[in-house]
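Peer 1: make a model of this:
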Amino acid sequence: MSAARQCGLSVNRLAAALAAVVSLAAALGACTSPPPRLYTVAAMPGPTHSGAPKVIVLREVSLAPYLQQPPIVRSAAGYRLAVMSNDWWGEPPAAMLTRILVDNLTQRLPGSTVLGESGAVAAPADATLEVNISRLDEAADGQLVLQAQAAVDTKARKEPQPRNFRFAVIPSSPDVYGEVAAISTAVGQLSDALASMLANR
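Peer 2: Take a look at the predicted model:
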């Protein structure tokens with residue numbers, strides 16, 4: 001075999017090997033998912049109240065199990081969960097909502113100190129607030145729905161009296177950003193109701 005023919009075969013083999021490497025890299029790239037987009041609920045201002053207990057401890061919010069996963073739930077309508085595979089909460093949902101409620105209540109109750117039960121700062125509670133969120137997703141009509149129950153336990157009243165709440169917010173846009181903004185608004189409305197509940201316990 002001539003040297004030229006051997007050189008030609010070597011070049012062909014090298015080209016085939018390079019093509020295989022490029023194909024493998026493309027296949028691996030196609031299988032790699034982009035990093036998830038992370039979101040958080042924002043604190044929202046509201047009307048202030050006086051007369052609430054001096055020290056209020058908020059226990060960690062209890063969430064329905066379907067809401068406890070990192071991916072954001074868009075809807076639970078029609079017996080089917082619509083979950084965003086690449087849009088996640090930036091922290092555990094229950095801890096996030098507890099943190100936002102503490103921030104919202106601190107603003108709404110300027111004469112009180114509001115603490116999260118699991119925080120590093122602790123103080124004897126004049127009132128303990130418990131919140132369950134049973135729904136936080138979009139309904140079939142596109143409205144963001146928040147359903148919750150809350151109870152306040154004070155030194156004067158040892159038997160909490162639970163109350164039910166339901167808020168519906170129309171998202172500003174049909175995407176995940178619009179849903180998260182609507183959740184922030186709905187949690188702000190829940191905070192308004194909780195602040196009033198604490199001030200008029």
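Peer 1: please make it C-alpha for all contacts and neighbour counts, starting now.
Peer 2: Will do.
Peer 1: quick one: contacts for the closest residue to Asp192 other than its chain neighbours?
Peer 2: Nearest non-adjacent residue to Asp192, counting by C-alpha to C-alpha, 6 or more residues apart in numbering: Gly46, 6.4 Å away. Gly46 makes contact with Asn104, Gln107, Arg108, Gly188, Asp192 under the criterion C-alpha atoms under 8 Å, 6 or more residues apart in numbering.
Peer 1: quick one: average pLDDT of stretch 188-201?
Peer 2: Regarding stretch 188-201, the rounded mean pLDDT is 95.
Peer 1: now do the buried residues in it.
Peer 2: For stretch 188-201, a neighbour-count test (16 or more other C-alpha atoms under 10 Å) marks Gly188, Gln189, Leu190, Ser191, Asp192, Leu194, Ala195, Ser196, Met197, Leu198, Ala199, Arg201 as buried.
Peer 1: out of the residues you listed, who's nearest Asp141?
Peer 2: Nearest to Asp141 out of the buried residues of stretch 188-201 is Gln189 (C-alpha to C-alpha; 20.0 Å).
Peer 1: then the one helix or strand the closest one maps to to PDB, C-alphas only?
Peer 2: Assigned by DSSP states H and E, Gln189 belongs to helix 176-199. C-alpha atoms of helix 176-199 as PDB (Å, rounded to 0.1, in the frame of the first residue of the first chain):
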ATOM      1  CA  VAL A 176     -45.000  31.300  36.200                       C
ATOM      2  CA  TYR A 177     -44.000  34.900  37.100                       C
ATOM      3  CA  GLY A 178     -47.600  36.000  37.000                       C
ATOM      4  CA  GLU A 179     -48.600  33.100  39.300                       C
ATOM      5  CA  VAL A 180     -45.800  33.900  41.800                       C
ATOM      6  CA  ALA A 181     -46.800  37.500  41.900                       C
ATOM      7  CA  ALA A 182     -50.400  36.500  42.500                       C
ATOM      8  CA  ILE A 183     -49.300  34.200  45.300                       C
ATOM      9  CA  SER A 184     -47.500  37.200  46.900                       C
ATOM     10  CA  THR A 185     -50.700  39.200  46.700                       C
ATOM     11  CA  ALA A 186     -52.800  36.400  48.100                       C
ATOM     12  CA  VAL A 187     -50.400  35.800  51.000                       C
ATOM     13  CA  GLY A 188     -50.500  39.600  51.600                       C
ATOM     14  CA  GLN A 189     -54.300  39.400  51.800                       C
ATOM     15  CA  LEU A 190     -54.000  36.500  54.200                       C
ATOM     16  CA  SER A 191     -51.600  38.600  56.300                       C
ATOM     17  CA  ASP A 192     -54.200  41.400  56.400                       C
ATOM     18  CA  ALA A 193     -56.800  39.000  57.800                       C
ATOM     19  CA  LEU A 194     -54.400  37.500  60.300                       C
ATOM     20  CA  ALA A 195     -53.300  40.900  61.600                       C
ATOM     21  CA  SER A 196     -56.900  41.900  62.100                       C
ATOM     22  CA  MET A 197     -57.600  38.500  63.800                       C
ATOM     23  CA  LEU A 198     -54.700  39.100  66.200                       C
ATOM     24  CA  ALA A 199     -55.700  42.700  66.900                       C
END
